[in-house]
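K.L.:
model this:
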Amino acid sequence: MDRADNCRRAARDAVSDVEPPRLYDFVEETLEDASMLPGVFTLESARELEPENDLEGLDRHAAGVQLIYEGLRLTRTLAHEDPWAQRDGEEGEGGDLEILAADILVARGFYLLARTDAAGKAVRTVQEFGRNETRAAADGDGDTVGSLERDVLELAALAGASAVGTTPTPALLETATEIADAAGSTFPPVADVFPTRDLEPADATPEDGHSVDRATSATDS
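P.N.:
Okay, the predicted model is just below:
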């Protein structure tokens, strides 16, 4: 089973008890269709920083990042579309289901990261997402493309690094930014980025780790 499959399986396990069945089916379909790039980047970050470290159990960290992203991505879609609109000839009655699914995905992601050093960054990522969407709605400015993706890959870098007892290096964070900028608002399939693209060498020591607080403002202190 490859890295993307491992992440998808861990994410599914985290939502396996969601009810009713219709809601579970929607959540499962969302994960089935999703690029697992945020989760895989979590794994790759840990591997790059500590290649000899045992990464057993890291799939839960990767799933946490993935679930938070999927929930926020769905929220962003709903914010820019009418979730109750009729789609593809069907009655527009899925809005409440989609909103609830987005909340569940984010909440389960928080749960998986709650006892990790990435927990605070996860909260700040959601806060920054909310501020960006509020500003975009108030100003009529949709120029927030890629900001969620950058913040989520920074979260992935921190989640992976903290899982092996270190911090992200500037090179790793730069790689996260490059991938996010290239992706825009839609992550490509994992195979389009890994293994054809290697992470930059982790040429900094843990003490040289870079702050991962771009998704933080003075109001968060």
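K.L.:
tell me where the model's unsure across this structure.
P.N.:
The model of the chain has pLDDT under 70 over residues 1, 82-94, 140-145, 195-221.
K.L.:
max-length helix in it?
P.N.:
Once the chain is assigned using DSSP state H, the helix that runs over the most residues is helix 58-80.
K.L.:
now do the buried residues in that helix.
P.N.:
58-76, 78 (16 or more other C-beta atoms under 10 Å). Where you see a C-beta, it was placed from the backbone N, CA and C, and this is true even at glycine.
K.L.:
alpha carbons of that helix, as PDB, please.
P.N.:
The C-alpha coordinates for helix 58-80 follow below in PDB (Å, rounded to 0.1, in the frame of the first residue of the first chain):
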ATOM      1  CA  LEU A  58       2.600   8.900  11.700                       C
ATOM      2  CA  ASP A  59      -0.400   8.100   9.400                       C
ATOM      3  CA  ARG A  60      -2.600   9.500  12.100                       C
ATOM      4  CA  HIS A  61      -0.800  12.900  12.000                       C
ATOM      5  CA  ALA A  62      -1.000  12.800   8.200                       C
ATOM      6  CA  ALA A  63      -4.800  12.000   8.400                       C
ATOM      7  CA  GLY A  64      -5.300  14.900  10.800                       C
ATOM      8  CA  VAL A  65      -3.800  17.400   8.400                       C
ATOM      9  CA  GLN A  66      -5.700  15.900   5.500                       C
ATOM     10  CA  LEU A  67      -9.100  16.000   7.300                       C
ATOM     11  CA  ILE A  68      -8.600  19.600   8.300                       C
ATOM     12  CA  TYR A  69      -7.800  20.600   4.700                       C
ATOM     13  CA  GLU A  70     -10.800  18.700   3.300                       C
ATOM     14  CA  GLY A  71     -13.100  20.300   5.800                       C
ATOM     15  CA  LEU A  72     -11.900  23.800   5.000                       C
ATOM     16  CA  ARG A  73     -11.800  23.200   1.300                       C
ATOM     17  CA  LEU A  74     -15.400  22.100   1.400                       C
ATOM     18  CA  THR A  75     -16.300  25.100   3.500                       C
ATOM     19  CA  ARG A  76     -14.600  27.400   0.900                       C
ATOM     20  CA  THR A  77     -16.600  25.800  -1.900                       C
ATOM     21  CA  LEU A  78     -19.800  26.200   0.000                       C
ATOM     22  CA  ALA A  79     -19.000  29.800   0.800                       C
ATOM     23  CA  HIS A  80     -18.700  30.600  -2.900                       C
END
